[in-house]
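*Asks:* quick check, what structure comes out for this input:
(one chain, ligands or ions: 2)
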Amino acid sequence: MNTKFSFSAGVWNLNRGEDPFGPPIRASIPFAEKLQKLKALGFDYVQFHDDDAVPLGVSPVNVAAEAARVRSLCEDAGLGVEFVAPRLWEDPLFVDGAITANDAAARQAAMDRGKRAVDIARVLGTHRIVLWPAREGTYIREAKDPLASFDRFVEFLNCLLAYDPDIRILGEMKPNEPMDLMYLASTAHFLALAARTAEPDRVGTLIEAAHSILLGLDPSEEMAFAIWHGKLWGVHLNDQDGLKFDEDKSFGSANLRRAFNIVDVLVNNDYGLKGEVVGLDVKAMRTQPTDMATKHLSNSKRMFERLVEVSVKLDRSAINALRASRDYEGLDALILDALMGVR
Ligand code: 3MF
Ligand code: MG
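*Replies:* Ligands and ions are numbered 1, 2, ... in the order given. A predicted model of the protein is given here:
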């Protein structure tokens, strides 16, 4: 049982509140100030997209120096870097996807971009490369050849694995948005594909709660399956109110019991003991003004910590007895009482 956790968040989790239907409504927070805010909230690590750390305009010869500057800013703030994620969805060249694009030039650009992310990660001091394959799917089923797409995924992963023998790749799978039909919609799909790469032991997963929910799955079950494979190397905790757009609500905000089950599976399976971090991928509500737009992070972290306490206090022998007697109504009441602070 592990009850000591490290926390992280992405620099994008302190954003200006823009959404697909409206512009930014908060002032942008300078980078160094974001780091200070995260530290003050009790975070230990920060997460980056490649271009959050080193903007694309920086010429290749200066990438390492710029990444080193960012690393010292993080160190000065007392934060480590959890991971770097190549942003393979914004460049107009990636309009049809990057890894699975039909255009060979786009696929080549994706590999170059992936290597650049690895270069940056090396300087920032992390081995973790997170891959959210945002546009690797289709709007209409007939647009791409699925089998060729799976081959292209393997080719992309093998390319990065060969480029740096120390990196680990963490697939962060999501079933839809921005694409209608996403390839490798679930963690299980990605793990099955990982087994076909040149080095399966270096390919694992980061599971985002909202993504599992969008898939119609319970996040704690997906996490348990990845843990069973020894491949839950990261999490993005948040919440999601049903099958809508990707809401990234504060952890526990929509469904406390579902949040509890996530915490319980992490606590009881030693998540964190090998350096795994509790990442929070949460967005402040668009209504929050700048000075109040950190509560989504503090609330999520506090909810996680309170649910750890609930998990630790649970009477496991009572649970085992209820399981043995198949009294699942009794078990249901025990869990709800624990969440209400009654027992
Ligand atoms: C999308 C996400 C992303 C990823 C991030 C790192 C912007 O639903 O969750 O957040 O977490 O790109 O891979
Ligand atoms: Mg995420």
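
*Asks:* what ranges do the helices span in the stretch 1-150 of the chain?
*Replies:* All helices of the stretch 1-150 of the chain, identified by DSSP state H, counting those that start in this stretch, fall at 31-40, 50-53, 63-77, 104-124, 146-163.

*Asks:* out of the ones you listed, flag the one nearest residue 253.
*Replies:* Of all the helices of the stretch 1-150 of the chain, helix 31-40 sits nearest to residue 253, with 19.9 Å by CB to CB. The C-beta positions use only the backbone N, C-alpha and C, and glycine is treated the same way.

*Asks:* which parts of the closest one are buried?
*Replies:* 31, 34, 35, 36, 37, 38, 39 (16 or more other CB atoms under 10 Å).

*Asks:* closest one of those to residue 306?
*Replies:* residue 38 (20.1 Å).

*Asks:* most tightly packed of the helices of the stretch 1-150 of the chain?
*Replies:* Highest mean neighbour count of these: helix 50-53, a mean of 22 (counted as mean count of other CB atoms under 10 Å).

*Asks:* packing partners for that one?
*Replies:* Judged by 3 or more CB pairs under 8 Å, 6 or more residues apart in numbering; DSSP states H and E, helix 50-53 is in contact with helix 63-77, strand 80-85, helix 104-124.

*Asks:* where does pLDDT dip in this protein?
*Replies:* By pLDDT under 70, the chain has no low-scoring segment.

*Asks:* how about the residues of it by ligand 2?
*Replies:* The chain comes close to ligand 2 at residues 208, 236, 281, as judged by CB under 5 Å from the ion.

*Asks:* go again using 8 Å as the cut-off
*Replies:* 10, 132, 172, 174, 206, 208, 210-211, 236, 238, 248, 279, 281 (CB under 8 Å from the ion).

*Asks:* show me the contacts for residue 153.
*Replies:* If a contact means CB atoms under 8 Å, 6 or more residues apart in numbering, then residue 153 has 99, 100, 133, 136, 183, 184, 193 as its contacts.

*Asks:* chain neighbours aside, what residue packs nearest to the second one?
*Replies:* Closest residue to residue 100 apart from its sequence neighbours, by CB to CB, 6 or more residues apart in numbering: residue 149 at 4.1 Å.

*Asks:* pipe the helices of the stretch 1-150 of the chain into JSON lines and attach distance to residue 332 per row.
*Replies:* As requested, the helices of the stretch 1-150 of the chain are exported to JSON lines (distance: least, CB to CB, whole Å):
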{"stretch": "helix 31-40", "distance to residue 332": "38"}
{"stretch": "helix 50-53", "distance to residue 332": "43"}
{"stretch": "helix 63-77", "distance to residue 332": "44"}
{"stretch": "helix 104-124", "distance to residue 332": "44"}
{"stretch": "helix 146-163", "distance to residue 332": "41"}
